[in-house]
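Asks: here are the coordinates; sequence isn't available:
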């Protein structure tokens with residue numbers, strides 16, 4: 001029996017919101033999934049596994065589907081397979097990022113593909129797996145300085161170009177992450 005009473009959710013105070021800015025890399029959204037082996041078996045999707053190591057099962061996904069080496073997205077599943085041991089350092093969970101570089105887009109001049117993790121509050125150069133990068137963090141602000149920070153970030157990227165490839169003078173844009181809402185917004189430059 002479903003209860004009739006349903007509590008109204010708490011509403012965060014907008015004046016307490018903190019906004020974090022990072023560069024939007026032009027690539028394809030990807031995710032490394034690490035599950036406990038038993039949980040992976042029980043999920044019913046074990047056959048999508050990329051690799052099983054040390055009682056953990058590793059999966060790869062694009063924005064829309066789980067990937068396999070035979071049904072890949074710009075060879076991301078193959079990269080996950082090749083780097084599985086290092087990727088275990090991410091820990092159990094869903095680890096989203098941008099898969100970008102040679103053959104994925106024409107914006108950058110780097111000679112290989114890279115995976116850049118989105119969660120700049122969790123990952124840094126000291127604790128990330130060696131095979132991963134992190135999207136460039138561009139600072140934070142509160143609600144009182146949001147418009148000013150948006151303009152500063154637009155100006156900064158127009159002047160400096162991309163932080164992931166110094167040869168790219170036309171970065172795609174930036175991402176704004178709202179802490180309280182746990183929500184991402186993108187700002188595309190020159191569109």
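Replies: Good, I have the coordinates. Predicted, not measured: the structure shown is a model, and the values here were computed from it.
Asks: where along this structure do the strands fall?
Replies: 18-24, 28-36, 51-53, 56-62, 66-67, 93-101, 113-117, 133-134, 137-142, 173-178, 183-188 (DSSP state E).
Asks: Which of those sits closest to residue 150?
Replies: strand 183-188 (6.8 Å; C-beta to C-beta). To be clear about C-beta, it is placed using only N, CA and C from the backbone, and glycine gets the same treatment.
Asks: Tell me the spacing between residue 75 and residue 39.
Replies: Here the criterion is C-beta to C-beta, to the nearest Å. By it, residue 75 lies 27 Å from residue 39.
Asks: actually residue 88, sorry about that
Replies: Distance from residue 88 to residue 39, by C-beta to C-beta: 15 Å.
Asks: now do residue 94
Replies: 13 Å.
Asks: quick check: longest helix of the chain.
Replies: helix 146-160 (DSSP state H).
Asks: in that one, what's buried?
Replies: Neighbour counts over helix 146-160 (16 or more other C-beta atoms under 10 Å) mark 149-150, 153, 156-157 as buried.
Asks: For the residues you listed, could you give me TSV that also reports pLDDT and distance to residue 50?
Replies: Below are the buried residues of helix 146-160 laid out as TSV (pLDDT from 0 to 100; distance: C-beta to C-beta, whole Å):
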residue	pLDDT	distance to residue 50
149	98	39
150	98	38
153	98	36
156	97	37
157	98	34
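Asks: Can you tell me which of the residues you listed is closest to residue 82?
Replies: residue 157 (32.1 Å).
Asks: tell me the contacts of the closest one?
Replies: Contacts for residue 157 (C-beta atoms under 8 Å, 6 or more residues apart in numbering) come out as 23, 171, 173-174, 189.
Asks: now do 6 Å
Replies: Neighbouring residues of residue 157 by C-beta atoms under 6 Å, 6 or more residues apart in numbering: residue 171.
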